[in-house]
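Undergrad: when you get a sec, could you give me coordinates for this:
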Amino acid sequence: MAKSNNVGSAYGRPKSNYDAELAEVGPGTPCGEFMRRYWQPVAVSTTVNAIPQNVRILGEDLILFRDGRGRAGLLTPRCAHRGAALFYGKVDENGIRCCYHGWQFDVEGRCIDQPCEANGGAYRDRVRQPWYPVEERYGLVFAYMGPPAKKPMLPRWDALENLGPDETTFATDSSFSVGGDDSVKIQPWNWLQDWENSTDPWHVYILHTAFSGSQFAPEMAVRPQVKWEYTDLGLKYVAYRKLGDGREFDRISPLLFPNLISTPDVQLAPGPTTTIGWVVPVDDTNHRRFHSMKVPNKLEGRPRQMYTETRPKPWLEMSEAERQNWPSDWEAQMSQGPITLHSDEHLATSDRGIVMLRRLLREQIRKVQEGGDPIGVTFDPANVLFKTGGGNFYRAAAVPA
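TA: All right, here's what the predicted structure looks like:
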């Protein structure tokens with residue numbers, strides 16, 4: 001009787017694990033402290049008003065509101081008095097007032113009134129509700145959650161600057177860019193799985209074309225020649241394609257530290273990218289996508305950059321069986337698990353971008369641990385404009401209409 005070949009059996013395999021140094025983002029974790037050295041978007045500006053809202057970011061629960069003067073405030077949720085949730089507070093001209101005993105805090109956490117105390121609280125200036133600084137730009141509210149002495153300038157990005165007379169910026173926290181829906185704000189898996197996806201041009205060739213049909217422009221089905229390069233701000237890939245009509249073009253897609261993307265137009269419109277995206281960790285097993293993009297002043301309907309992948313029906317209406325037949329980024333990334341098991345991976349030459357990205361991320365994390373400043377951080381007000389470099393750049397004279 002021939003012996004069975006048990007090589008590769010699943011039985012008795014070692015315990016799988018993930019790379020905690022890169023994946024975990026809570027306070028005090030290596031990547032969490034690295035992330036806290038940058039400004040992170042926490043909300044779309046137009047959604048922030050006098051009604052307090054819960055925000056969870058980098059493993060921390062916070063309260064976001066806008067006072068009567070138009071200032072946004074980001075505070076910890078437990079009132080410094082006796083711990084009632086400021087989510088139930090009332091916002092007025094000067095700040096937010098706790099529902100329990102009326103203690104009031106301004107947008108920087110100063111206690112400005114204690115109505116149950118004589119004279120509004122003789123010692124109220126000794127109390128400070130923990131807070132984080134916020135700034136607004138490109139239609140988004142950004143927060144800095146790192147060491148106060150290391151607070152950098154909030155960057156500007158060339159893709160969103162120099163607006164024409166008929167242009168404005170549009171911001172969203174839709175999950176469209178991972179194949180989701182405008183109403184879905186949180187993706188239930190680790191942030192790094194999503195960020196790495198943007199330096200993986202091969203998944204476009206397979207997942208979005210060969211496997212699920214042409215979900216973007218049909219030219220994406222042409223097998224590219226790919227190279228990756230480090231940049232001053234992170235990493236980029238250049239995917240060269242030669243089309244059947246003789247046109248040639250380079251699709252350049254950068255990743256910008258700590259968690260930004262500048263994906264070129266998926267319908268292959270020529271020219272530089274006009275969109276910036278942020279892959280923001282909610283905690284270790286959830287993340288959000290924020291985007292800001294140039295759009296016409298009199299925009300009607302959906303911005304062209306908020307693409308809808310070609311599938312039989314909208315993602316939200318698809319059954320699990322339909323998603324199995326026509327998967328996209330959401331299905332591929334979510335199926336890796338809440339945090340992918342890095343120990344089980346077998347990376348190949350086509351994963352060169354993933355290897356380079358992880359190496360650079362690890363280097364920057366350790367730079368912060370050693371007291372240094374990571375790439376993409378500036379303290380100079382005269383040096384806040386950064387170049388993205390992404391886009392679809394055609395080599396032939398003729399370009400698509």
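Undergrad: what domains does the record give for this protein?
TA: Here the domain parsing of the chain from automatic domain parsing is 41-135, 152-394.
Undergrad: could I get those domains as JSON lines with distance to E24, mean pLDDT and mean neighbour count?
TA: All C-beta atoms are positioned from the backbone trio N, CA, C, and that covers glycine. Below are the domains of the chain laid out as JSON lines (distance: least, Cβ to Cβ, whole Å; pLDDT from 0 to 100; neighbours: other Cβ atoms under 10 Å):
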{"stretch": "domain 41-135", "distance to E24": "8", "mean pLDDT": "98", "mean neighbour count": "18"}
{"stretch": "domain 152-394", "distance to E24": "5", "mean pLDDT": "95", "mean neighbour count": "17"}
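Undergrad: ok, which of the ones you listed comes nearest V25?
TA: domain 152-394 (4.2 Å; Cβ to Cβ).
Undergrad: spatially central residue for the protein, please.
TA: Against the mean C-alpha coordinate of the chain, by Cα atoms, centre = their mean, the closest residue is V279 at 1.5 Å.
Undergrad: for Q333, see how far away it is.
TA: Per Cβ to Cβ, to the nearest Å, V279 is found 11 Å from Q333.
Undergrad: joint contacts of the two?
TA: Counting by Cβ atoms under 8 Å, 6 or more residues apart in numbering, the contacts common to V279 and Q333 are D194.
Undergrad: can I assume the residue nearest to the centre of the chain is in contact with N286?
TA: No. V279 is not in contact with N286 according to Cβ atoms under 8 Å; the separation is 11.7 Å.
Undergrad: on the three-state scheme, P14 is what?
TA: coil (DSSP: H, G, I helix; E, B strand; the rest coil).
Undergrad: how far away is it from D344?
TA: 9 Å.
Undergrad: swap in F249?
TA: Counting by Cβ to Cβ, the gap from F249 to D344 is 36 Å.
Undergrad: ok, N162 next?
TA: Distance from N162 to D344, counting by Cβ to Cβ: 46 Å.
Undergrad: so what touches stretch 211-230?
TA: Contacts for stretch 211-230 (Cβ under 8 Å, 6+ apart): 199, 201-202, 204-205, 208-210, 235-243, 251, 266-268, 307, 309-311, 326-328, 350, 352-353, 356, 360.
Undergrad: in helices only, show me those.
TA: Among the contacts of stretch 211-230, the members found in helices (DSSP state H) are P201, W202, V204, Y205, R352, G353, M356, L360.
Undergrad: check contacts around the nearest residue to K367 once chain neighbours are set aside.
TA: Once flanking residues are discounted, K367 sits nearest to P374: 5.6 Å by Cβ to Cβ, 6 or more residues apart in numbering. Residues counted as contacts of P374 (Cβ under 8 Å, 6+ apart) are F34, R37, Y38, F257, P258, Q364, K367, V368.
Undergrad: what are the ranges of the strands in the stretch 301-401 of the chain?
TA: All strands of the stretch 301-401 of the chain, identified by DSSP state E, counting those that start in this stretch, fall at 385-386, 391-394.
Undergrad: tabulate these (TSV), appending distance to W191.
TA: Output for those, formatted as TSV (distance: least, Cβ to Cβ, whole Å):
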stretch	distance to W191
strand 385-386	21
strand 391-394	25
